[in-house]
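*Asks:* show me the folded form of this:
(one chain, ligands or ions: 2)
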Amino acid sequence: MLQVGDEAVCFWAVFLLGVLVTRSASAASLLAAFLYVFVAMFRFPPVPPDQAARVLRPRAAAGRVPVLANRGGSHDAPENTLAAIREASRNGATGVELDLSFTADGVPVLMHDETLDRTTNGSGPVNKIAFVQLRRLDAGLRHRLRDKYVGERVPTLQEAVEECLRHQLTIVFDVKGQPDEVAPPAAALRQTYRKFPALYNCSMVASFEPKVVYKMRQTDPGMVTALKHRPWRLSRLSDGAPRTLSAWARMWTAVLDVLLDWAHHHLLWRLCGSVGPVCPEGLRLTVGGLTSV
Ligand SMILES: *[C@@H]1O[C@H](CO)[C@@H](O)[C@H](O)[C@H]1NC(C)=O
Ligand SMILES: *[C@@H]1O[C@H](CO)[C@@H](O)[C@H](O)[C@H]1NC(C)=O
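*Replies:* Numbering: from 1, shown residues only. Ligands and ions are numbered 1, 2, ... in the order given. Purely as a prediction, here's the structure:
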């Protein structure tokens, strides 16, 4: 939970950094004041704590620990398919994490990668294929249990939502920073939330990109959102190996990583309307009033 002191420390840090860089107390004060006014003007209020609690602690009455199946439980069924959602529910998950993507004609579908190659028998970028063509592909062919999941298709966002609601699963929509031209993710999700208002109580939109989270709340302040964060994301891959960059670029991205880390913990979540904690797996939840997740 945000303490008043936290906020003061944040702006003191900016002030001190400003003094170090500019060697001028007035310039540093101006910088801190500017940042304060900027955050105060453009921040979103967090969603009500009880709404956040319904999303974060589903079925709390039953005393169950929330369990999320990543990509719908990709070990037991082809990832991001309706079969995966059903299997996750059967295996006792209370929720699923699903990856939102868009076809060339702007249909919201579930797909983790930017390309079709790893999970389907198609190839090339997802956003270059028309929906009718995508639908002809097999989404189960590359899974270790392919014989059990013959004919599994890439589902639309709506089909996935309906399946989750049927099984009373919480949903974490993972949204990447796709360009907005074809289909803005915020608009697609708002439409889906309007169609299925139960989602306000049982789902959240998560992204590594602060601008995606900000845009979501701008489009629909009623959504519960989460700002995901992985330390050293710009300079290292998810397995910790350094990205293949020149020595110079590696140094720069490391510096940017430190700044991004600081911004995530002190600034960005305030802007997006969070008073929540960072969860163990690194979700900075833009929700209210919770001390643990
Ligand atoms: C992928 O598999 C499906 C189902 O077996 C088949 O109908 C389709 O033609 C295949 N597509 C390609 C590009 O191989
Ligand atoms: C969310 O849950 C609360 C409490 O059960 C209920 O009052 C509210 O109507 C629900 N909202 C939606 C959109 O279903």
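*Asks:* so how many other residues sit close to L82?
*Replies:* For L82, the neighbour count with other CB atoms under 10 Å is 23. No exception for glycine: its C-beta is placed from N, CA and C like everyone else's.
*Asks:* residue contacts, it?
*Replies:* Residues counted as contacts of L82 (CB atoms under 8 Å, 6 or more residues apart in numbering) are E152, P155, E159, A160, E163.
*Asks:* up against ligand 1, what does the chain have?
*Replies:* N121, G122, R136, L137, D138 (CB under 6 Å from any ligand atom).
*Asks:* shouldn't the fourth one be within a strand?
*Replies:* No: residue state for L137 (DSSP: H, G, I helix; E, B strand; the rest coil) corresponds to coil; a strand is not indicated.
*Asks:* how close does it sit to V154?
*Replies:* Going from L137 to V154 by CB to CB, to the nearest Å gives 7 Å.
*Asks:* those two: who's more crowded?
*Replies:* Taking neighbours as other CB under 10 Å, L137 and V154 compare with V154 leading, 29 against 17.
*Asks:* so that one makes contact with G140?
*Replies:* No: the criterion here is CB atoms under 8 Å, and V154 misses it with G140 at 10.1 Å.
*Asks:* identify the contacts common to these two.
*Replies:* Between them, V154 and G140 share these contacting residues under CB under 8 Å, 6+ apart: T81.
*Asks:* hang on, the earlier thing: and the furthest pair within the residues of the chain next to ligand 1?
*Replies:* Spatial extent of the residues of the chain next to ligand 1 (CB to CB) is set by the pair N121 and R136 at 9.4 Å.
*Asks:* starting at the chain centroid, how far to stretch 14-22?
*Replies:* With CA atoms, centre = their mean, to the nearest Å as the basis, stretch 14-22 stands 32 Å off its chain's centre.
*Asks:* actually stretch 222-236, sorry about that
*Replies:* 7 Å.
*Asks:* roughly how far does P66 sit from ligand 2?
*Replies:* As judged by CB to the nearest ligand atom, to the nearest Å, P66 and ligand 2 stand 17 Å apart.
*Asks:* let me know the helix or strand that that residue is in.
*Replies:* Taking DSSP states H and E as the definition, one finds P66 inside no helix or strand.
*Asks:* please enumerate the strands of the chain.
*Replies:* Ranges of strands within the chain are 68-70, 95-102, 108-110, 170-175, 203-207, 224-228, 283-286, based on DSSP state E.
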